[in-house]
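Asks: return atomic coordinates for the entry below.
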Amino acid sequence: MGRLGRVQQRRQPGGSWHGDTAGLVYGDLAPAPGSDHARTQICADQVRSLDLRLIEHRARQCCGWKSTFATFFTPEVPMVTVVFGARGNVGRHVVAGLLASGERVRAVSRNPAAGFAPGLEVAAADLERPETLPVALAGAGKVFLYAKPDGAEGFVKAAESAGVRHVVLLSSVSVVSPGAEHSPVARLHRTVELAIERSDLDWTFIRPGMFATNTRSWWTESIRAENVVRLPYPEAQTAPVHEKDMAALAVTALTEPGHSRQAYTVYGAESLTLRRQAGHIGEATGRQIRVEVVSPEQARTELGKTMPPVVAEAVLRQWTAGNGVPAPISVIVAKITGRPAHTFAQWAADHADDFR
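Replies: Numbering: from 1, shown residues only. Next comes the predicted model:
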């Protein structure tokens, strides 16, 4: 077994390195059988920016050596946190929160050519195309992920190979709701949860209830065109969750200890009727929005125009069950993040322009 060359360095706050590296980090390393290479040289800036396991992986591919780099560099080497769906409703806030926390972030999208701030590290990858994942995950220690069942096994394999330690998954409360075994939405999310649970990865599951952003799909066009919201059950209650709260939970789980193998069920801060939610949007936009009662069949048709039938059916079932019944609320956002969850009125103010 070879020995590592001497490196005179000291670590500075934030995980950066400073010192006399003589330009290179050397390893006098024993070659694998059949290899003529006994030494590899890795630039110091590579050591600073890449995960140890990626360095070793590339060196093995090139030279076929074995090393004890871990004795020098673990856990000092800064690692990247990868955010899938980085342009999505939740993912973009996860990126912002991680950057604000001083994390090194790689934003991943199927089409990263536009939509990201200048200077942000980006990568192209598709969870349903596993061959695109190794580049996106190179050097990653942590990952924010959304549920894509067709790509779950491929992601797990790629993440384990890349040396990822912790995955935070945006799942759904449907997996723990009554009748979950019969719910297509629950099965979709639970498929991804199970793939991660059975892996060697640490994990945290964020299981939100009704997304506040769903109201954009339901009501944007009718509010813009007619100042009307059509509902089968105006007095049905839900507790919508602001996407910023989901992101805040994810950022906390990715940056602070104590969240490994935890599943957080997340409801909104208050139970509101659909009528009152429409009223909050009206107040935020300065519009007088009227509520028109329609049949469940008409509502199913309207919902089906903006979402898959299985999702539309799930929404209609929730409205039916919540007609006149207070929805569950939670304090998990305040408990985990240290600040109160957003109200729906705050969400409406944040998104007023969406309805104008």
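
Asks: pLDDT below threshold where in the stretch 51-200 of the chain?
Replies: For the stretch 51-200 of the chain, applying pLDDT under 70 flags the ranges 51-78.

Asks: which residue ranges form the strands in it?
Replies: Per DSSP state E, counting those that start in this stretch, the stretch 51-200 of the chain carries strands over the ranges 80-84, 105-109, 121-124, 140-146, 166-170.

Asks: who's in contact with residue 143?
Replies: 81-84, 137, 159, 164, 166-168 (Cβ atoms under 8 Å, 6 or more residues apart in numbering). Where you see a C-beta, it was placed from the backbone N, CA and C, and this is true even at glycine.

Asks: ok, now with 10 Å
Replies: Each residue near residue 143 by Cβ atoms under 10 Å, 6 or more residues apart in numbering is listed here: 80-84, 106, 108, 136-137, 155, 159, 162, 164-169, 201, 203, 254.

Asks: and it, bridged to which residues?
Replies: residue 82, residue 167 (DSSP bridges).

Asks: and the gap between it and residue 202?
Replies: Distance of residue 143 to residue 202, computed by Cβ to Cβ, to the nearest Å: 11 Å.

Asks: shared neighbours of these two, anything?
Replies: In contact with both residue 143 and residue 202: 164-168, using Cβ under 10 Å, 6+ apart.

Asks: just the buried residues of the residues you listed.
Replies: Using 16 or more other Cβ atoms under 10 Å as the burial test, these include 164, 166-168 as buried.

Asks: from those residues, which is closest to residue 301?
Replies: residue 168 (36.5 Å; Cβ to Cβ).

Asks: wait, the closest one touches residue 252, no?
Replies: Yes: between residue 168 and residue 252 there is a contact under Cβ atoms under 10 Å: 9.3 Å.

Asks: overlap of the contact sets of these two?
Replies: Here residue 168 and residue 252 have 204, 259, 264 as joint contacts, going by Cβ under 10 Å, 6+ apart.

Asks: may I have stretch 108-119 as CSV, with CA atoms only?
Replies: Listed next in CSV are the C-alpha coordinates belonging to stretch 108-119 (Å, rounded to 0.1, in the frame of the first residue of the first chain):
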residue,chain,number,x,y,z
VAL,A,108,-30.8,20.4,-11.6
SER,A,109,-33.4,20.6,-14.3
ARG,A,110,-34.2,18.7,-17.5
ASN,A,111,-33.6,22.0,-19.3
PRO,A,112,-31.3,24.2,-17.3
ALA,A,113,-30.6,26.6,-20.2
ALA,A,114,-32.8,29.4,-18.7
GLY,A,115,-34.5,30.4,-15.5
PHE,A,116,-31.5,30.4,-13.1
ALA,A,117,-29.6,33.2,-11.5
PRO,A,118,-26.2,34.0,-13.1
GLY,A,119,-23.4,32.2,-11.4
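
Asks: count the residues that sit near residue 245.
Replies: Counted by other Cβ atoms under 10 Å, the residues lying close to residue 245 total 29.

Asks: the stretch 51-200 of the chain: helices as residue ranges?
Replies: Applying DSSP state H, counting those that start in this stretch to the stretch 51-200 of the chain gives helices spanning 52-63, 70-73, 91-100, 133-137, 152-162, 184-197.

Asks: in TSV: those helices, plus mean neighbour count.
Replies: Output for the helices of the stretch 51-200 of the chain, formatted as TSV (neighbours: other Cβ atoms under 10 Å):
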stretch	mean neighbour count
helix 52-63	18
helix 70-73	14
helix 91-100	21
helix 133-137	21
helix 152-162	19
helix 184-197	19
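
Asks: residue 246 is nearest to which of those helices?
Replies: helix 91-100 (7.8 Å).

Asks: for the closest one, name the packing helices and strands.
Replies: Under the contact definition 3 or more Cβ pairs under 10 Å, 6 or more residues apart in numbering; DSSP states H and E, helix 91-100 sits against strand 80-84, strand 105-109, strand 140-146, strand 166-170, helix 243-255.
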